[in-house]
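> below: sequence and its predicted model.
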Amino acid sequence: MNAERFEIVRRLDLQLAVLRCQRSALLLGATELERSVIATIVSELGSNVLKYAAPGTLEVRRLRRDGASEIEITAYDAGPGIADVELALSDHYSSGRTLGLGLPGVRRMADELEIRANPDGGTTVRVRKRLSGSGPRPDGDGDAGGPGGRRVAVGIGAEARAAAVAAAGDRWQAAAAVRARGGSRVAGDLATVVDGGDHVLLAIVDATGHGPAAHGVAHELIGRLRERFAAADDPGDVAALLRHLHEACIGTIGAAAGIAVVDTRDARLAYLAVGNVRAAVVGARPFTGVSRDGVLGRRWPTPFVQRATLERGDLALLWTDGLPESLARTLRDRRHAPHPGEAVARLADRLVETHARRHDDAACLLMRWHG
């Protein structure tokens, strides 16, 4: 089998298509992250069909090009068409009065995007995503590079749990661990670290709900944040960064998020959060971050930026409500404190594995300050 085809007439058709796609033999050898991204693309393209042009068709194929395996997702419809493709691909544009992820989000997740639109009716959207480990990859962001040349890595949840060293500098090391709730293959809780030299971004996002829709929104917000941080005149302005996420989230299911920026020149941390996320510093000068009530995209509270000074050996952490509120207190307890020399990647993985609630997505992001 090298293709699957789905007729999209109603919401249930799309839900079944996303579920079958995640489990399809077409994705044999794909990582959990690749499966979740492909499922999100299917969900977004199918949602566009339902919003504007139902009935339509989705086709998922596995191709071999230039010695590499790719997944090609094509959406066909006979609807009113797209009058201005470039406008439809721009951020914040929506003819259906909802922003969602839409085509701009799909473009960010895909390696290739092609749209054939007839203003008089009918649209074909074709997306290709190359599978890792299957051959040369197109140029783009990766673990070794990111916007503006900064080293970037994103900790993204999968079927059970995932931990990876996100980045490391001369004076610090950071890692993220994420786990989807029981029964889910993808998580709506994501984390990222961006090494900007003088400033390091630590961020955690908890999109409302669970499953592919939440994962898609969180994935999009993480991408937006990385881009904004890379282009910012003042990368230490956490209020501007979080406000940007709020505006990007308008019209979506909403999210909670916490952002910390560490100025590596003077070991100062600035923190701002909205919604049910948490932060703390465990060390010589304990710090507990406060999150303002609100939902990104719906209700923006007055920003409350908090600051802390890091000392050698301090551990800064951000986590979502899939982990207990007492997580920092647990680390301060000698019985559960980090083992001497324990890598932050292992510690993040251990915290999620031991303390994450089964009924909710969970994410934990750690930075150890070496001074």
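Nice, thanks for sending it over.
> what does the domain assignment say about the protein?
Annotated domains of the chain cover 3-130, 147-369 [automatic domain parsing].
> quick one, which of these is packed in tightest?
domain 147-369 (a mean of 20; mean count of other Cβ atoms under 10 Å). Using the backbone N, CA and C atoms, a C-beta is placed for each residue, glycine as well.
> ranges for the strands of the stretch 51-200 of the chain?
Here the stretch 51-200 of the chain has its strands, by DSSP state E, counting those that start in this stretch, at 56-65, 68-77, 112-117, 123-130, 151-156, 162-168, 172-179, 189-195, 199-207.
> Serialize those strands to JSON lines and add fields for distance to Ala214 and mean pLDDT.
Below are the strands of the stretch 51-200 of the chain laid out as JSON lines (distance: least, Cβ to Cβ, whole Å; pLDDT from 0 to 100):
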{"stretch": "strand 56-65", "distance to Ala214": "21", "mean pLDDT": "92"}
{"stretch": "strand 68-77", "distance to Ala214": "20", "mean pLDDT": "91"}
{"stretch": "strand 112-117", "distance to Ala214": "23", "mean pLDDT": "84"}
{"stretch": "strand 123-130", "distance to Ala214": "20", "mean pLDDT": "90"}
{"stretch": "strand 151-156", "distance to Ala214": "12", "mean pLDDT": "33"}
{"stretch": "strand 162-168", "distance to Ala214": "16", "mean pLDDT": "49"}
{"stretch": "strand 172-179", "distance to Ala214": "12", "mean pLDDT": "90"}
{"stretch": "strand 189-195", "distance to Ala214": "8", "mean pLDDT": "90"}
{"stretch": "strand 199-207", "distance to Ala214": "4", "mean pLDDT": "95"}
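> export those as JSON lines, with columns for distance to Gly283.
Converted to JSON lines, these look like this (distance: least, Cβ to Cβ, whole Å):
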{"stretch": "strand 56-65", "distance to Gly283": "49"}
{"stretch": "strand 68-77", "distance to Gly283": "45"}
{"stretch": "strand 112-117", "distance to Gly283": "46"}
{"stretch": "strand 123-130", "distance to Gly283": "42"}
{"stretch": "strand 151-156", "distance to Gly283": "22"}
{"stretch": "strand 162-168", "distance to Gly283": "18"}
{"stretch": "strand 172-179", "distance to Gly283": "13"}
{"stretch": "strand 189-195", "distance to Gly283": "19"}
{"stretch": "strand 199-207", "distance to Gly283": "15"}
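> so for Ala257, which of the ones you listed sits nearest?
strand 199-207 (4.7 Å; Cβ to Cβ).
> how much does the helix or strand just after that closest one deviate in direction from strand 199-207?
As assigned by DSSP states H and E, the chain's next helix or strand after strand 199-207 is helix 211-231. Counting by axes from the mean of the first three to the mean of the last three Cα atoms, to 10 degrees, helix 211-231 lies at 160 degrees to strand 199-207.
> what's helix 211-231 packed up against?
Here helix 211-231 touches helix 32-48, helix 102-109, strand 151-156, strand 189-195, strand 199-207, helix 238-249, strand 255-263, going by 3 or more Cβ pairs under 8 Å, 6 or more residues apart in numbering; DSSP states H and E.
> out of the strands of the stretch 51-200 of the chain, which is closest to Gly254?
strand 199-207 (7.4 Å).
> how far out from the middle of the chain is that closest one?
Chain-centre distance of strand 199-207: 10 Å, with Cα atoms, centre = their mean, to the nearest Å.
> sorry, back to before: hey, least reliable of the domains of the chain by pLDDT?
Sorting the domains of the chain by mean pLDDT places domain 3-130 lowest, at a mean of 79.
> what distance separates that one from the centre of its chain?
Distance, centroid of domain 3-130 to centroid of chain: 18 Å (Cα atoms, centre = their mean).
> residue contacts, the most centrally placed residue in the chain?
Centroid-nearest residue in the chain: His219, 2.6 Å away (criterion: Cα atoms, centre = their mean). By Cβ atoms under 8 Å, 6 or more residues apart in numbering, the contact list for His219 reads 36-37, 40, 105, 109, 156, 190.
> cool, Asp321 as well?
206, 256, 276-278, 360.
> ok, now with 7 Å
206, 276, 360 (Cβ atoms under 7 Å, 6 or more residues apart in numbering).
> ok, Glu114 next?
Contacts of Glu114 by Cβ under 7 Å, 6+ apart are Arg126.
> quick check: it vs Ala362, distance?
Using Cβ to Cβ, to the nearest Å, we find Glu114 at a distance of 37 Å from Ala362.
> now Leu323
5 Å.
> identify the contacts common to the two.
Ala356.
> kindly check the end-to-end length of stretch 225-240 for me.
By Cα to Cα, to the nearest Å, the extent of stretch 225-240 from end to end equals 10 Å.
> how about the contacts of Asp321 in JSON lines, adding distance to Leu58?
JSON lines is the format used below for the contacts of Asp321 (distance: Cβ to Cβ, whole Å):
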{"residue": "Asp206", "distance to Leu58": "29"}
{"residue": "Asn276", "distance to Leu58": "34"}
{"residue": "Asp360", "distance to Leu58": "30"}
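> and of those residues, the nearest to His244?
For the contacts of Asp321, the nearest to His244 is Asp206 (17.2 Å; Cβ to Cβ).
> identify the bridge partners of the closest one.
Asp189, Ala256 (DSSP bridges).
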